[in-house]
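[1] Please find the sequence and the predicted model below.
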Amino acid sequence: MITRYSRKTIVVGIIAALLGMASFAYAQQAGDVLFKAMQDELDRTMSQLVMENLERPYFVSYTIDDAQQLEVHANLGTLTQSNLNRGRYLSIDLRVGNYSLDNSNFVSGYSGFGANYAQLPIDNNYDALRNQIYLQTDQVYKDALETISKKRAYLQTRVIANRPDDFLKLPTNRIIDKPEEFDLNKAKFEELAKAATVVFRDYPDIISSDLKIQGAIANQYLLNGNGTRALRGDRIYVFDLSMTGKAADGEDIFDGDRIVYNSLAAIPSVSDLTAWAKGNADRMSKLIKADTLEEYIGPVVFTADAAGEFFRQLFVRGISNLPQPTYENEQMAAVIARLGGGGGELAEKLNRRVLPASFTVYDDPTISKVGNSSVIGGYNVDDAGNTPQKVVLVENGKLVNLLIGIAPTKKIKDANGHARGAVSKAITAKPSNLVFESSEKVPYAKLKETLITLCKDVDVPYGLIVKRLSDPNASNASIAMRLGNMMMRRSGGSGGPDALSYPWEIYKVYPDGREEPVRGLQFNNVTIRILKDILQTDDQMFVYNYLLNDDSEMPASIVTPSVLIEEMELKKNEEKIMKPPLLPSPLAGK
């Protein structure tokens with residue numbers, strides 16, 4: 001018998017199915033129109049676009065990101081912001097010159113950072129789309145001619161030994177994925193945000209908190225003059241929590257957490273998200289009451305998220321964004337390096353040891369799991385239309401390969417499917433799913449025993465375990481925290497551009513195994529050389545999901561064991577103390 005309830009269920013199911021079919025049909029129609037508009041303008045550009053007595057483009061690539069984006073903020077159970085947007089964005093890689101020397105990889109003055117883009121109509125109107133592509137192509141071509149003129153003039157006055165080519169001859173590919181449906185449910189995420197943040201009403205010592213939920217669904221359409229055509233569908237969900245408090249001695253306490261998913265089925269339920277928020281609030285409350293240290297010199301363990309962030313800041317940056325651009329203003333290049341920009345420091349260490357001999361490191365964009373744990377950095381086609389490949393970077397502690405996007409380095413000449421970029425961000429070599437493995441590993445309990453033994457050997461009363469490091473790129477980090485990280489990286493005495501960010505969760509470990517939270521510390525004199533000082537690893541494999549350049553278009557994962565460093569130096573946080581609110585929180589009396 002079909003009951004009233006079952007009839008309703010059937011009707012709802014039919015409606016959902018029809019909406020899904022309509023959404024897929026719309027995406028299919030969008031792809032047809034977008035590819036036709038790009039192809040027609042590309043053909044005309046390659047055959048006709050030229051300024052009198054100047055060069056034609058030798059390569060043109062069009063990328064359109066068709067996206068639906070959601071951002072919801074909540075605090076104390078109430079919404080503070082909620083937006084759901086649609087947008088289409090055109091990025092153009094147009095090159096004049098030749099593969100050896102073109103207008104790319106050159107920063108002139110304050111221009112040349114990132115990548116130019118233009119917004120396109122979101123309706124599937126061929127004429128409107130084609131006209132906007134034409135206008136943007138014209139402007140990008142004129143800019144390219146100006147840039148290559150400046151670059152040639154600069155290189156005539158400089159001798160750059162073994163300068164690699166500016167561009168690779170990319171293979172022709174045709175990789176067409178199924179487009180993603182634009183199905184972000186604003187009301188659902190609003191309810192999640194409100195329900196999870198109610199718990200902060202019970203924590204008056206947390207002065208402010210914010211839960212930001214981002215959802216992004218994008219279909220990327222790529223077409224280039226080599227004949228490559230690609231369509232890739234992506235989705236990402238990001239839950240960002242930030243909290244601030246004030247310790248009894250006046251120190252400003254910052255804390256936060258982030259969880260990232262690439263599947264709607266994986267996002268937490270209301271109860272799970274609320275439990276996550278409460279766990280963070282409990283930890284923050286203890287941190288506010290924790291003691292501080294003046295300084296520490298001794299062994300340190302990095303575990304859980306901190307192990308992933310440790311390798312992200314000291315290893316990932318060193319293998320990313322290769323090759324580095326040439327700067328017309330050398331002072332600008334120095335400033336970028338001091339502020340932690342750039343990257344690629346490990347490129348000069350190819351075929352040299354960068355980690356202990358027990359380590360193997362590989363990056364694999366073709367996988368979705370490591371063991372039983374999901375990773376989020378994979379893709380079927382990279383942002384230049386290349387097929388992704390697994391790349392072994394480190395063998396027996398020695399750096400044996402590099403990630404390559406669309407430009408070679410001095411020693412690595414072939415692309416390996418790691419070209420990654422985003423709207424307004426240039427396509428460079430970046431990791432996807434980066435896995436650190438050690439052949440010499442012990443149980444975590446044994447790792448702690450080694451930590452305590454090392455402390456006894458050097459007459460230190462306790463060791464330190466770091467469970468979370470602040471993400472210096474995350475948008476949820478406070479202004480003060482981000483400036484603090486920047487200042488620390490700017491200071492040569494604090495380790496220069498490779499210094500680690502502030503530890504957000506750190507514990508003293510006493511000889512009896514007891515752990516006690518501490519606060520107010522920052523690392524001192526840390527560089528990439530410390531990677532070789534890893535003494536021991538445990539047998540766990542933590543998955544750390546994050547966003548490259550804090551951009552939802554570039555999710556990535558790091559899989560790593562806990563690591564023990566024989567000796568590190570930490571000192572008291574040098575940030576200036578701001579005055580607390582004059583009156584206690586009104587929540588304190590409830």
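    Nice, thanks for sending it over.
[2] Quick check: closest non-adjacent residue to Lys36.
    Closest residue in space to Lys36, ignoring its immediate chain neighbours: Tyr126 at 6.5 Å, by CB to CB, 6 or more residues apart in numbering. Every C-beta, even on glycine, is put in place using the N, C-alpha and C of the backbone.
[3] and the one you found, what does it touch?
    Remark: with contacts taken as CB atoms under 8 Å, 6 or more residues apart in numbering, Tyr126 is in contact with 33, 36-37.
[4] just Gln536 next, same as before
    Contacts of Gln536 (CB under 8 Å, 6+ apart): 440-442, 447, 450, 563-564.
[5] Out of those, which is nearest to Lys186?
    Val563 (41.4 Å; CB to CB).
[6] If that closest one is in a bridge, with which residues?
    Val563 has these beta-bridge partners by DSSP bridges: Phe302, Thr537.
[7] Which one (most neighbours) among the contacts of Tyr126?
    Ala37 (27 neighbours; other CB atoms under 10 Å).
[8] Helix or strand for it, just tell me which one.
    Take DSSP states H and E as the rule and Ala37 turns out to sit in helix 4-48.
[9] chain center to the next helix or strand after that helix: distance?
    Heading C-terminal from helix 4-48, the first helix or strand you meet, by DSSP H and E, is strand 57-75. With CA atoms, centre = their mean, to the nearest Å as the basis, strand 57-75 stands 15 Å off its chain's centre.
[10] what is the rounded mean pLDDT of strand 57-75?
    For strand 57-75, mean pLDDT rounds to 98.
[11] Give me the helices and strands touching that strand, please.
    helix 4-48, strand 78-96, helix 126-156, helix 186-197, strand 206-224 (3 or more CB pairs under 8 Å, 6 or more residues apart in numbering; DSSP states H and E).
[12] want to throw those into CSV with distance to Phe106?
    Compiled in CSV, the helices and strands packed on strand 57-75 are given as follows (distance: least, CB to CB, whole Å):
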stretch, distance to Phe106
helix 4-48, 22
strand 78-96, 12
helix 126-156, 4
helix 186-197, 42
strand 206-224, 21
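[13] Single out the most deeply packed of those.
    Ranked by mean neighbour count, the helices and strands packed on strand 57-75 are led by strand 206-224 with a mean of 22 (mean count of other CB atoms under 10 Å).
[14] sorry, back to before: closest one of the contacts of Tyr126 to Asn372?
    Closest approach to Asn372 among the contacts of Tyr126 (CB to CB): Val33, at 42.1 Å.
[15] Would you mind measuring from the closest one to Met46?
    In this view, Val33 and Met46 are 21 Å apart by CB to CB, to the nearest Å.
[16] what stretches of the stretch 51-200 of the chain score poorly on pLDDT?
    Applying pLDDT under 70 to the stretch 51-200 of the chain picks out residues 110-114.
[17] For stretch 561-581, what is the distance to the chain centroid?
    With CA atoms, centre = their mean, you get 23 Å for stretch 561-581.
[18] And for stretch 262-277?
    Worked out by CA atoms, centre = their mean, stretch 262-277 lies 21 Å from the chain centre.
[19] Domain parsing of this protein, as residue ranges.
    Domain assignment for the chain by automatic domain parsing gives 25-237, 291-572.
[20] Looking at the ones you listed, which one is packed in the most?
    The highest mean neighbour count among the domains of the chain, using mean count of other CB under 10 Å, belongs to domain 291-572: a mean of 19.
[21] In contact with Ile530: list those residues for me.
    Contact analysis of Ile530 by CB under 8 Å, 6+ apart lists 314, 565, 568.
[22] Which residue is the nearest non-sequential neighbour of Glu309?
    Once flanking residues are discounted, Glu309 sits nearest to Leu469: 4.0 Å by CB to CB, 6+ apart.
[23] who does that neighbour bridge with?
    Pro503.
[24] I'd guessed it sits against Ala304; true?
    No. With contact defined as CB atoms under 8 Å, Leu469 does not count as touching Ala304 (10.3 Å).
[25] Give me the common contacts of the two.
    When contacts are counted by CB under 8 Å, 6+ apart, Leu469 and Ala304 have no shared neighbour.
[26] doesn't Glu515 make contact with Lys467?
    No. Applying CB under 8 Å as the test, Lys467 and Glu515 come out as separate, 9.6 Å apart.
[27] got a list of what Leu241 touches?
    Leu241 touches 209-212, 256-258, 277, 280, 476, counting by CB under 8 Å, 6+ apart.
[28] Just give me the closest of those residues to Ser100.
    Within these, the smallest distance to Ser100 is 42.1 Å, found for Arg258 (CB to CB).
[29] For the closest one, name its beta-bridge partners.
    With DSSP bridges as the rule, Arg258 is bridged to Asp240.
[30] what do you get for Asn524?
    Here Asn524, judged by DSSP bridges, has bridge partners Glu569.
[31] Test for you: state the pLDDT assigned to Asn372.
    With respect to pLDDT, Asn372 scores 92.
[32] no wait, Leu273
    At Leu273, the model reports a pLDDT of 98.
[33] quick one: it is in a strand?
    No. Counting by DSSP: H, G, I helix; E, B strand; the rest coil, one finds Leu273 to be helix, located in no strand.
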